[in-house]
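Colleague: fold the following and give me the result.
(2 chains)
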There are 2 protein chains.
Amino acid sequence: MAELFQARTVREARELLGVHIKTGRRAERVPLLEALGRRLAEDVAAVDDVPGFDRSTMDGFAVRARDTFGASESLPAYLDITGEVLMGCEAAGDLEVGQAWRIPTGGMLPPGADAVVMIEYTEELDDRTIGVTKPVAPGDHVVRAGEDIAAGSKVLPAGHVLRPQDLGVLSAVGLSEVSVARPLRVGIISTGDEVVEPHERPGPGQVRDINSYALYGQAVRAGAQARICGIVRDNFDLLLERLQQAVAECDLVLLSGGSSVGTRDVAAKVLDTLGSPGVLFHGISIKPGKPTVGAVVDGKPVFGLPGHPVSAMVVFNLLVTPLLKYGAYVDDPLEFPVRARLKRNMRSAAGREDYIRVRLNREGGEITADPVLGKSGLISTMVQAGGLARIPADKEGVEAGEYVEVKLF
Amino acid sequence: MAELFQARTVREARELLGVHIKTGRRAERVPLLEALGRRLAEDVAAVDDVPGFDRSTMDGFAVRARDTFGASESLPAYLDITGEVLMGCEAAGDLEVGQAWRIPTGGMLPPGADAVVMIEYTEELDDRTIGVTKPVAPGDHVVRAGEDIAAGSKVLPAGHVLRPQDLGVLSAVGLSEVSVARPLRVGIISTGDEVVEPHERPGPGQVRDINSYALYGQAVRAGAQARICGIVRDNFDLLLERLQQAVAECDLVLLSGGSSVGTRDVAAKVLDTLGSPGVLFHGISIKPGKPTVGAVVDGKPVFGLPGHPVSAMVVFNLLVTPLLKYGAYVDDPLEFPVRARLKRNMRSAAGREDYIRVRLNREGGEITADPVLGKSGLISTMVQAGGLARIPADKEGVEAGEYVEVKLF
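Modeller: Predicted coordinates:
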């Protein structure tokens, strides 16, 4: 079967999967406080202006700006104090020509006022008169009604993943509940006759399941509702049964393990038996992570990830994380946001993207990336690393001192 | 009161707080799957080697390396096939001189073998004999027992915040439960006579509570167990009562609001009445975020954050996030990990750190930071921004085209 498929680039793999995946648009309403990290199911628009009134940003006096034109320390503009704004209250009247009202930071300007004079630029002659020693322009020290958010404007777009400040803005427009996409349900299956559960003591030739737990962590971090579906022997019928159940109950399924050619072939055959369109690619031109099988079954992505934990995690990062986070493969200009100086030469084959585990540090004002060497079967190398550096397919390596782009993890 | 205190740098503020804070070391045991993002309460050491045996990384034949020395395509080394390793099983016997055992990727080497020959470099003469066409050295295509994790070695240190790969390594060493620090309980109080709940319709002069929700999001993201304690009027006795209750029930308390001098003074007086040592600083030399009050009460940090949402979030980021994440102020070389080219000139006052909201993008292979301008009272500016750029205190500004260091949010 492997012969039928040509290894794909990451971009090609994403495009192929993207054509067949239907992640659906199931939404649910959740209280604002539970919406952090969730993806908005619909656009959010503001009903009213925020703030709903012209608001002072300083302690001082609300005035008509034109009454202060030409004012200076030697020739102050004298205004009558005719009122005081109380926090959270409407002004009890209008501000007329030649008048000033005391106003605190955050207070509502009285009708007629269009600026605030800071207290530092006033001198109080008596409790009924101030001298303004510096002119203000209309709008000075004022947040105008709707300046933060205008009534009717789109505050956040559908698909946006909510951050702390987004909770703030949703509160500002009066939403105490939001409609968000349901998290994708991810089923995680490990396969291998040698794999045992973490609480078991491995016998000779046996190892504990690492991938299920690392992938679970990645899935949860990307916003999914992950479920570990256990360890399955390398047997066509057992694998088929467990996978069918996982595809029925989940939105995305991961099968990891099967590093030997024999077990890999069984896994690929099973993935192709599950449904239509089945296996889309077998192998991607990256290192580590080459022996990855990508399939779609009834619109649901099903991945056959490599058995080596480093490889499985790298492929998850590139092909699964975007789906869980954004519901689709979207261009993310900040996918590899950190620019770091590589500490040693790393070779790479042209035509293949390489992903290097790196220790990150700061030296002389810039960030350095020190490659963690070691086989992709060693989970300890991922633990030592703080990021993943990418060597693009068109390069044959990177010299010490050159820059690489890094994703933190 | 403000006059008694000199504005502190961020570093000084952290040091002052660090002296008096006792965040405690309360730990709890949680199942492995719930440990993601939690902080280890104790060192984790491996009891046994991982893997527990010499393990093949290829499909091929287990051999004694010296039996292949000098082998070539023209002069293969002939070995007797005397056994086969089954996945997850111990070899049924020893490998003697001149012998080869079939072995799958992940299989356990038989006693006597010290290397694996890839199947690609063998020719099978009959089902009892192979010719090896390329020599191997001892250890080739083998992960040795303990090569991933050596028995007795420290796998992860106390204080480490668990990432997906760390769940993998904890599983590898057989931990299905881990001892982690309890999340810090953060109490969030908003103050202001003008502030109403998000579900309320603001009357004239009123605004909805933004800060409680944005700060809640920041606290949860930093690993805390956050609680919104509601809105309190600007009144000494009411504030004191609510703060006392929050300090009693939480590990860290945030009071935000009170932008006017009058209410700020009330808040500071209340913070200083709560207990010992009380207020440590009043004002930090950053923009936005200057009017911040830092206090410690019976070892618990209590912050009086500015009322403007942008200012409150910036100060949270600098002074609260590290405490929630690491339990203390630790040097994090990756606190501002992204280097971006600034798109326009930004002025700054010397002696003050400036934090600029920026839109991030990628142009011509590098990341650019486009400042989001706007008053610090506008939460919408935080929503438009994807990061926070720092202009250090010793600079008087940054020119367009220069690089800035950015923290993503």
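Colleague: all contacts plus neighbour counts: C-alpha atoms, from now on.
Modeller: Noted.
Colleague: and the spatially closest residue to residue A:330 that is not a sequence neighbour, which helix or strand is it part of?
Modeller: Spatially, and ignoring its direct neighbours in sequence, residue A:330 is nearest to residue A:322 (7.2 Å; Cα to Cα, 6 or more residues apart in numbering or on different chains). Under the criterion DSSP states H and E, the helix or strand holding residue A:322 is helix A:321-326.
Colleague: quick one, whichever helix or strand comes after that helix and strand B:338-342 angle?
Modeller: Counting by DSSP H and E, the next helix or strand C-terminal to helix A:321-326 is strand A:338-342. Our comparison of strand A:338-342 with strand B:338-342, counting by axes from the mean of the first three to the mean of the last three Cα atoms, to 10 degrees, yields an angle of 110 degrees.
Colleague: show the average pLDDT along strand A:338-342.
Modeller: Mean pLDDT, computed over strand A:338-342, is 96.
Colleague: report whether that strand contacts chain B.
Modeller: Yes. Taking Cα under 8 Å from any Cα of the partner chain as the criterion, strand A:338-342 and chain B are in contact, through A:338-339.
Colleague: so how far is that strand off the chain centroid?
Modeller: Put simply, strand A:338-342 sits 21 Å off its chain's centre (Cα atoms, centre = their mean, to the nearest Å).
Colleague: which strands or helices does that strand pack on?
Modeller: Of the remaining helices and strands, those touching strand A:338-342 by 3 or more Cα pairs under 8 Å, 6 or more residues apart in numbering or on different chains; DSSP states H and E are strand A:366-371, strand A:403-408, strand B:338-342.
Colleague: and that strand, which strands flank it?
Modeller: Partners of strand A:338-342 in the sheet, by DSSP bridges, are strand A:366-371 (parallel), strand A:403-408 (antiparallel).
Colleague: what's in contact with it?
Modeller: Contacts of strand A:338-342 from elsewhere in the structure, counted by Cα atoms under 8 Å, 6 or more residues apart in numbering or on different chains, are A:360, A:366-371, A:398-408, B:337-339.
Colleague: now tabulate the strands paired with strand A:338-342 in TSV and tack on mean neighbour count and mean pLDDT.
Modeller: As requested, the strands paired with strand A:338-342 are arranged in TSV below (neighbours: other Cα atoms under 10 Å in any protein chain shown; pLDDT from 0 to 100):
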stretch	mean neighbour count	mean pLDDT
strand A:366-371	22	97
strand A:403-408	21	96
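Colleague: out of those, nearest to residue A:284?
Modeller: Nearest to residue A:284 among those is strand A:403-408 (19.6 Å), distances taken as Cα to Cα.
Colleague: smallest gap between the stretch 1-150 of chain A and chain B, at which residue?
Modeller: Among residues of the stretch 1-150 of chain A, the one nearest chain B by Cα to the nearest Cα turns out to be residue A:88. It sits 3.6 Å away.
Colleague: surely that residue touches residue B:194?
Modeller: Yes. At 3.6 Å, residue A:88 and residue B:194 qualify as touching, with contact defined as Cα atoms under 8 Å.
Colleague: partner residues bridging residue A:28?
Modeller: residue A:180.
Colleague: ok, now which ones touch residue A:193?
Modeller: A:232-234, B:87-88.
Colleague: do that again at 7 Å, thanks
Modeller: Under the criterion of Cα atoms under 7 Å, 6 or more residues apart in numbering or on different chains, the neighbours of residue A:193 are A:233-234, B:87-88.
Colleague: next, count neighbours for the closest residue to it other than its chain neighbours.
Modeller: Nearest residue to residue A:193, sequence neighbours excluded (Cα to Cα, 6+ apart): residue A:233, at 5.0 Å. Residues within reach of residue A:233, counting by other Cα atoms under 10 Å in any protein chain shown, total 16.
Colleague: now do residue A:158
Modeller: 14.
Colleague: you'd agree it is up against residue A:41?
Modeller: Yes. Under the criterion of Cα atoms under 7 Å, residue A:158 lies in contact with residue A:41, with a separation of 5.2 Å.
Colleague: I figured residue A:176 was touching residue A:31, is that so?
Modeller: Yes. Applying Cα under 7 Å as the test, residue A:176 and residue A:31 come out as touching, 5.9 Å apart.
Colleague: these two: who's more crowded?
Modeller: For residue A:176 versus residue A:31, the count of surrounding residues by other Cα under 10 Å is larger for residue A:176: 17 against 12.
Colleague: show me what contacts that one?
Modeller: Contact criterion Cα under 7 Å, 6+ apart gives A:31-32, B:198-199 as the residues in contact with residue A:176.
Colleague: what's the pLDDT at it?
Modeller: 93.
Colleague: name the nearest residue to it, sequence neighbours excluded.
Modeller: Spatial nearest neighbour of residue A:176, chain neighbours left out: residue A:32 (5.0 Å); criterion: Cα to Cα, 6+ apart.
Colleague: mind giving me the domain ranges of chain A?
Modeller: Using automatic domain parsing, the domains assigned to chain A come out as A:2-26+A:183-326, A:27-48+A:158-181, A:55-143, A:338-408.
Colleague: nearest to residue B:208, out of the ones you listed?
Modeller: Counting by Cα to Cα, residue B:208 lies closest to domain A:27-48+A:158-181 out of the domains of chain A; the figure is 5.4 Å.
Colleague: dump the contacts of residue A:193 to CSV, plus pLDDT.
Modeller: Written out in CSV, the entries for the contacts of residue A:193 read as follows (pLDDT from 0 to 100):
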residue, pLDDT
A:233, 93
A:234, 89
B:87, 94
B:88, 94
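Colleague: between those residues, which sits nearest residue A:170?
Modeller: For the contacts of residue A:193, the closest approach to residue A:170 (Cα to Cα) belongs to residue A:233, at 48.7 Å.
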